[in-house]
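Undergrad: return atomic coordinates for the entry below.
(one chain, ligands or ions: 1)
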Amino acid sequence: MPQLSHRITTLNDGGSDGWEVFYRARAMIVAGTPVTELTIGEHDIGTDASILQAIHAAALRGHTGYAMVPGVHALRRAVAERLTARTGVPTGPENVLITPGGQAALFSAHVTVLSPGDAALYIDPYYATYPGTIRAASGTPIAIQTEAARAFLPSGAAIAEAARKSGAKSLLINTPNNPTGTVYPRKTIEDIAEACTAQDLWLISDEVYDTQVWQGAHVSPRSLPGMAERTLLVGSMSKSHAMTGSRVGWLVGPAEAVDRLIDLATATTYGVPGYIQDGALFALEQGPGLEDRVSEPFRRRRDLALRVLAEQNTVTAIPPQGAMYIMLDIRATGLSGRDFAEALLDAHHIAVMPGESFGRSAAGHVRVALTVDDARLEDSLRTLCAFAETRAQAA
Ligand code: PMP
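TA: Residues are numbered from 1 along each chain as shown. Prediction:
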């Protein structure tokens, strides 16, 4: 076989891609061993039947040909109206590109603002695809570390310093945050905005969990003065409407940037299936009722998880303020997150994600997705805590 490209062979930096425990759990299931999967952010409910019916009806109506590459106009307009309502920034269809999920939006955003080799900042702990996404867009990923003791919040000073040192062109943030559950307070968003303006950075703002907030309020950086012109906002129907498999999301930004993004979409994805977009439009038109139904179980299970944790002292957590996960601090066991997750999978057939999969700042933690029914989650957390206690005593 002829040689593969440098870009593709270095996508994961030659190291692990952070998903080994997940793949091992899946292999165990295929081999017939039941595993409680608390790994990826996949709802335990499917897409609502009414949305599936809308998709079905759209396909039967004949919306099965090539759709408009930037997205069907009505959906672009609905997303623009949603953003206007949520951020107070006047937003029109010309500011919106419909993408095959938030992941494609993250990639496209980086391609749009990075030239080959440019440094691109992101906050550690991070959603596991981020460094690979930046490399795929020919950028050089640079992580900014945070601390559990500071709720994993980045400081404006650290961002400005990293930008100065690296000459970075962009900063990627995610609030509500996966994996930590942190919702950035207004002050943090203001500090980030100030650093971006001072260092002339593009801000790529991943807001795919914006409907899942349990404490505080989601502040979109696009709403801050002067930020709309330097922000590319990433949104998705995956988490808000349990539509992970439909692959529909969006990118919102200055019209001039969106025009360029349409060129990129034409040369890569060639758009999103029309019947899926019609389903997404139907879903958005249902308003917050449907979104609340989708997010409510995570709020309930977050409370449940905190109640179980309160019964013991070995495993601790920063109460998640949003999203569908809880990050557990298992440092009392003396194990790394990876070793803990591997041992828990072997001993109890419970799969969680090692904190290290999300970066150095999350070492000694594991992330639990709140994506199984309440009783099973409670049992699994009790087992996990008891396991941690045994390991802590042995340490
Ligand atoms: N951003 C974050 C923080 C995520 O957790 C995910 C999915 N787990 C995505 C983006 C991508 O989601 P999708 O492509 O399904 O919209």
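Undergrad: neighbours of residue 53, how many?
TA: As a burial measure, residue 53 scores 12 neighbours (other CB atoms under 10 Å). For the C-beta atoms, the positions are set from N, CA and C on the backbone; glycine is no exception.
Undergrad: find the residue closest to residue 364 in space, skipping its chain neighbours.
TA: Leaving aside its chain neighbours, residue 364 sits nearest to residue 331 (3.9 Å; criterion: CB to CB, 6 or more residues apart in numbering).
Undergrad: same question, residue 110
TA: In this structure, residue 110 finds its nearest non-sequential neighbour in residue 137, 3.5 Å apart by CB to CB, 6+ apart.
Undergrad: then residue 188?
TA: Nearest to residue 188 is residue 153, by CB to CB, 6+ apart, at 5.3 Å.
Undergrad: ok, now which ones touch the one you found?
TA: 146, 182, 184, 185, 188 (CB atoms under 8 Å, 6 or more residues apart in numbering).
Undergrad: apply 10 Å and report the result again.
TA: Residue 153 makes contacts with 123, 146-147, 175, 177, 180, 182-185, 187-188, 191, as judged by CB atoms under 10 Å, 6 or more residues apart in numbering.
Undergrad: ok, those vs the ligand, which is closest?
TA: The closest of the contacts of residue 153 to the ligand turns out to be residue 177 (CB to the nearest ligand atom; 7.4 Å).
Undergrad: quick check: the closest one touching residue 213?
TA: No. With contact defined as CB atoms under 10 Å, residue 177 does not count as touching residue 213 (11.2 Å).
Undergrad: which of the two has more neighbours?
TA: Using other CB under 10 Å as the criterion, residue 177 and residue 213 rank with residue 177 on top: 28 against 17.
Undergrad: how about the more buried one: what's its closest non-neighbour residue?
TA: residue 323 (6.5 Å).
Undergrad: separation between the one you found and the ligand?
TA: Between residue 323 and the ligand the distance is 8 Å, computed by CB to the nearest ligand atom, to the nearest Å.
Undergrad: quick one: contacts for that residue?
TA: Neighbouring residues of residue 323 by CB under 10 Å, 6+ apart: 41, 174-183, 208-210, 212-214, 239, 295, 298, 302, 369-370.
Undergrad: switch to 7 Å and redo it
TA: 176, 177, 178, 181, 209, 212 (CB atoms under 7 Å, 6 or more residues apart in numbering).
Undergrad: around the ligand, pick out the residues from the protein.
TA: Proximity of the chain to the ligand, by CB under 6 Å from any ligand atom, involves residues 41, 101-103, 127, 174, 178, 206, 208, 236, 238, 244, 249.
Undergrad: rerun at 8 Å
TA: Contacts of the chain with the ligand, taken as CB under 8 Å from any ligand atom, map to 40-41, 100-106, 127, 129, 174, 177-178, 206, 208-209, 234, 236-239, 244, 247-249, 323.
Undergrad: report pLDDT for the residue nearest to residue 110.
TA: According to the prediction, residue 137 has pLDDT 97.
Undergrad: ok, now residue 395?
TA: On the pLDDT scale, residue 395 is placed at 81.
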